[in-house]
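# Next input, structure requested:
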Amino acid sequence: MTAQAQPTFLFASPDADLLAAIEPTLLAAGARVDIVLSAEAVMASISGPRAPSLVLLDAKLPGMPVGQLLAAVRAAAESARLPIVLIADSVTEEWIDHFAEGAVDDLVLRSAESAYWQLRLDLVLRNQRMAHELETLRDAALHNAQLDHLTGVYNRETLLAMLFRETDRVQRSQSEMCLLLFDIDDFGHWNSRLGVDACDELLCQLAGRTAAQLRSYDVLGRPGMDEFLIALPLCAPLNAMSLAERLRTAVFSTPFHASGEAIRLSACFGIAVSHGRSPVVVLREAEKALEWAKAAGPESIQCFGSPSQPLPSPVTFLSATSGEELLGW
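Below is the predicted model:
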């Protein structure tokens, strides 16, 4: 076992005879043993740079009541589940309550034989490893549920949740935030020509190139098939327009590759400013700006509320007097 991987057992007891009896068992487990004699020393060790892998806590430890010390240790080691073995002279209702509440992981009598100590320590450490593995799997599953299964960026549901969180931050700090929504021009053509698998590869390449152009705190997601949304905290509309220009050149000017072909993609961009309003409203404005950009032609950029908004399309109606078809806006 390497020095970095070596576990540390914190033995918190004033009982020298007990230490002499069980220290060989602790060392046989391949652990380093740190000895402390007071509750204050326990807390200092828990908060130190080298936190222990397991705590052996004597109920007779001076400094503070055991219940108070257990609560303090749990609070100090909140980010990492620290197994605690309580050493006592007998099993009391108080110790049973601590065990039932999860304040301690095991209770071993002071009079236990060496072989029994080995058995109980192995059990506690094995349970700790299993709990850590389960937590890791649960975190991975939660993280994967937040991501688009194809591109690895955030999915629509997670995007909306993060937009609400970012909007709260904008309201508190009275700062700016923009949404930038872009859509690949005529992606249906490429689907028909290249097939689904090749177009999936194009989307993955596009997501990677786009992410490389963003700041660490920008939020990138895929709300639709060939649509990508970027939340830009601390970003004014002029900067969002500059980013759209940069994406148009840095991301789309270089050909993509799929099915042995070099593919030239382009996109239209719609931008909306948050002003601390509901992200649902701002997202609708970004969608409207994207709609205007598509109407203006490939590779267009539109910002909701800017003077460059295109005029609405004319509608046909019949004149009430002449009966002729007229166009109106």
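
# okay, CA-based contacts and neighbour counts for the rest of this
Fine.

# contacts for whichever helix or strand residue 281 is part of?
Assigning secondary structure by DSSP states H and E places residue 281 in helix 279-296. Applying CA atoms under 8 Å, 6 or more residues apart in numbering, the external contacts of helix 279-296 come out as 160, 163-164, 167, 179-183, 268-274, 299-304, 309-310.

# List phi and psi for residue 261.
For residue 261, the backbone dihedrals (degrees, to the nearest 10) come out as phi -120, psi 150.

# Which of the contacts of helix 279-296 fall in helices?
Residues from these lying in helices, with DSSP state H as the criterion: 160, 163-164, 167.

# how about low-confidence regions in the stretch 51-200 of the chain?
Applying pLDDT under 70 to the stretch 51-200 of the chain flags the ranges 77-80, 128, 131-132, 135-137, 139-144.

# At which residues are the strands of it located?
Ranges of strands in the stretch 51-200 of the chain, per DSSP state E, counting those that start in this stretch, are 54-58, 84-88, 106-109, 177-184.

# same for the first one, what does it pack against?
Counting by 3 or more CA pairs under 8 Å, 6 or more residues apart in numbering; DSSP states H and E, the packing neighbours recorded for strand 54-58 are strand 8-12, strand 84-88.

# Any chance of these in JSON lines with mean neighbour count and distance to residue 64 as columns?
Listed next are the helices and strands packed on strand 54-58 as JSON lines, based on neighbours: other CA atoms under 10 Å; distance: least, CA to CA, whole Å:
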{"stretch": "strand 8-12", "mean neighbour count": "22", "distance to residue 64": "13"}
{"stretch": "strand 84-88", "mean neighbour count": "22", "distance to residue 64": "15"}
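
# can you redo the ones you listed as CSV with distance to residue 263?
Shown next, in CSV, are the helices and strands packed on strand 54-58 (distance: least, CA to CA, whole Å):
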stretch, distance to residue 263
strand 8-12, 57
strand 84-88, 60
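
# Relative to residue 25, which of these is closest?
Ranking the helices and strands packed on strand 54-58 by their distance to residue 25 (criterion: CA to CA) puts strand 8-12 first, at 11.3 Å.

# relative to strand 84-88, how tilted is that closest one?
Comparing the axes of strand 8-12 and strand 84-88 via axes from the mean of the first three to the mean of the last three CA atoms, to 10 degrees yields an angle of 30 degrees.

# Could you check the angle strand 8-12 makes with strand 54-58?
Strand 8-12 and strand 54-58 meet at an angle of 10 degrees, taking the same axes, to 10 degrees as the criterion.

# Mind listing residues that contact strand 8-12?
Around strand 8-12, the neighbours that count as contacts under CA under 8 Å, 6+ apart are 19, 26, 31-39, 42, 51-58, 61.

# Just the buried subset of those, please.
Buried subset of the contacts of strand 8-12 (neighbour count, 16 or more other CA atoms under 10 Å): 26, 31-33, 35-39, 42, 51-58, 61.

# ok so, going back, looking at the strands of the stretch 51-200 of the chain, which is closest to residue 171?
Nearest to residue 171, of all the strands of the stretch 51-200 of the chain, is strand 177-184, at 10.1 Å by CA to CA.

# Show me what the closest one is packed up against.
Right, strand 177-184 is packed against strand 227-233, helix 237-246, strand 267-273, helix 279-296 by 3+ CA pairs under 8 Å, 6+ apart.

# still on that earlier bit, buried ones among the ones in helices among the contacts of helix 279-296?
Buried subset of the ones in helices among the contacts of helix 279-296 (neighbour count, 16+ other CA under 10 Å): 160, 163-164, 167.

# coming back round to it: please pick the buried ones from the contacts of helix 279-296.
Neighbour counting by 16+ other CA under 10 Å classes 160, 163-164, 167, 179-183, 268-274, 299-304 among these as buried.

# any chance of the ones in helices among the contacts of helix 279-296 in JSON lines, plus distance to residue 88?
Supplementary listing: these in JSON lines, determined by distance: CA to CA, whole Å:
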{"residue": "160", "distance to residue 88": "53"}
{"residue": "163", "distance to residue 88": "52"}
{"residue": "164", "distance to residue 88": "51"}
{"residue": "167", "distance to residue 88": "53"}
